[in-house]
Structure formats: structure tokens, C-alpha cells
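Q: what follows is a predicted structure for the sequence shown.
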Amino acid sequence: MSERYTVARITRNGEHFEILVKPEPALNFSMGKTTPISEILATDTIFTDANKGTKAGEDKLKTAFNTTDTQKIAEAILKKGTLQLTTDQRRRLTADKRKQIIAFIARQAVDPKTNLPHPPLRIEQAMEQIHYSIDAFIDAEEQAKDVIKLLRPILPLKMEQIQVQVRIPPEYAAKAYGTVKGYGVIKREEWRADGSWFSTIEMPAGLYGPFLDKLGELTKGNAEAKKL
């Protein structure tokens, strides 16, 4: 198949249906981006075998999709079928997913000896040793949990949640609230009469250091935070 177009396919009622699509617009659509079907299709034809050029009969289309409208059928195939990726797309998506997995592990897990997160480069180097096959379309968090199990014999890892008590002065409280909330789950909070904000936040242990840095940046060092 040419890199100028690729195939999206689906099987319904034991029958195979395929469409020829432009790789990047088709990938954008599959990733949830709004893309007109007319800009995705390389040809306005539904096939049973695109490589052989075998067109699907209208009776089969009607039975499988309840329509013979090419645009509607193409949309159904793109939404519920399988998109064949180009070599470049697969490499790019896999690399992006690898970064997401490494970032998740760096945030969520710590070295049990030091209770500090492992640097991303150390995690990446350890992953090279386990030869884990990354799936570009499976959630990064789901795969990261599998990777952590495989990494433990060569890289000590502990998943840990901590609780952090925070006090933010009134002049920074409203501005910092949304950012602080993004680091974990607020277990308790209280707005004082002077406008200051007190809270207890549960977060992954690996986020504690970055959280302190961000909190200091937002409040110019005037906030207080400590682990409970």
C-alpha cells in the first residue's frame, strides 16, 4: 500500500469492507479531531478488498450498514473499524505513547529506598531492558502499570499516595487554587476569613517535588506545604 494512502477496514455479518483513506486526515479523525469525511477518503468507493480493487455490492452494503451512502459508511468504518497506520505514523505514535508511559511512572512511582521519583532517563533506560511492546492505541496508564511490574526486578519502584497540608496566603489563593487542584485530590479545604486557603491534598509521591516547585513559583515562596 502506498504511503500516500492507507486502508481502514471493518467486518460485519462475516463480510469485510474497506476504504482507501489519506493517512494523516484519517489518523486525525480516529484521534477525535473534527475532519470532514470528504477530506479523508482517497476514493469514493467501498471495497471488499482494496488491494484487489474489488468493490462491495450495494446489497451487501445495505445489509451491513442499512445504507449505500459512501460518506455514512466510511464514517462508520473509521469510527468502529481498524485503521492501518503507515510506518511513520506507527513509529511516531509509539514514541509519543512511550513518553506518556515514562511520564506516568515518574509521577506515580518512587524509589522505595529514597522515596524520591526516578529520573525519566533512568526509567527509559530500564524500559529498554525489558523489551516491552508498546501499543499506540492502548491507554498509557494501563500500559504503565504492566511496565512497572516488569521493571521492578531491575528498577525498585513503589506506588505511593501521600497527603500534603497546604496554606496559601490570600493574595495568591484564588490564582493558585486551580493549579494546586490539578496535582491531586483535595481531601479537606477551608477558606479563612482573611481570604487564605487551607487544604489537605492527596497526590502521587512522585509529584511532591514538582508540586513544591510550582507552588513556590505561584506564590513567590509565600505558601506553606508539608507532608502529613
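A: It's in.
Q: which helix is the longest one in this structure?
A: Longest helix of the chain, by residue count under DSSP state H: helix 87-108.
Q: helix or strand right after it?
A: strand 109-110 (DSSP states H and E).
Q: what strands line up against that following strand, and which way round?
A: strand 158-159 (antiparallel) (DSSP bridges).
Q: and the contacts of the partner strand?
A: Contact partners of strand 158-159, identified using Cβ atoms under 8 Å, 6 or more residues apart in numbering, comprise Gln108, Ala109, Val110, Asp111, Pro112, Ile148, Pro204, Ala205. Quick note: C-beta positions are derived from backbone N, CA and C, even for glycine.
Q: same thing but 7 Å
A: Gln108, Ala109, Val110, Pro112 (Cβ atoms under 7 Å, 6 or more residues apart in numbering).
Q: one step back: mind exporting the longest helix of the chain as PDB, just the C-alpha atoms?
A: Extracted in PDB, the C-alpha atoms of helix 87-108 (Å, rounded to 0.1, in the frame of the first residue of the first chain):
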ATOM      1  CA  THR A  87       5.200   3.100   9.200                       C
ATOM      2  CA  ASP A  88       5.900   6.700  10.100                       C
ATOM      3  CA  GLN A  89       2.600   7.100  11.900                       C
ATOM      4  CA  ARG A  90       3.200   3.900  13.900                       C
ATOM      5  CA  ARG A  91       6.700   5.000  14.900                       C
ATOM      6  CA  ARG A  92       5.500   8.400  15.900                       C
ATOM      7  CA  LEU A  93       2.500   7.300  17.900                       C
ATOM      8  CA  THR A  94       4.600   4.600  19.700                       C
ATOM      9  CA  ALA A  95       7.200   7.100  20.600                       C
ATOM     10  CA  ASP A  96       4.600   9.500  22.000                       C
ATOM     11  CA  LYS A  97       3.000   6.700  24.000                       C
ATOM     12  CA  ARG A  98       6.400   5.700  25.400                       C
ATOM     13  CA  LYS A  99       6.900   9.300  26.600                       C
ATOM     14  CA  GLN A 100       3.400   9.200  28.200                       C
ATOM     15  CA  ILE A 101       4.200   5.900  30.000                       C
ATOM     16  CA  ILE A 102       7.600   7.200  31.300                       C
ATOM     17  CA  ALA A 103       6.000  10.400  32.500                       C
ATOM     18  CA  PHE A 104       3.300   8.500  34.300                       C
ATOM     19  CA  ILE A 105       5.800   6.300  36.100                       C
ATOM     20  CA  ALA A 106       7.900   9.300  37.000                       C
ATOM     21  CA  ARG A 107       4.800  10.900  38.500                       C
ATOM     22  CA  GLN A 108       3.200   8.000  40.200                       C
END
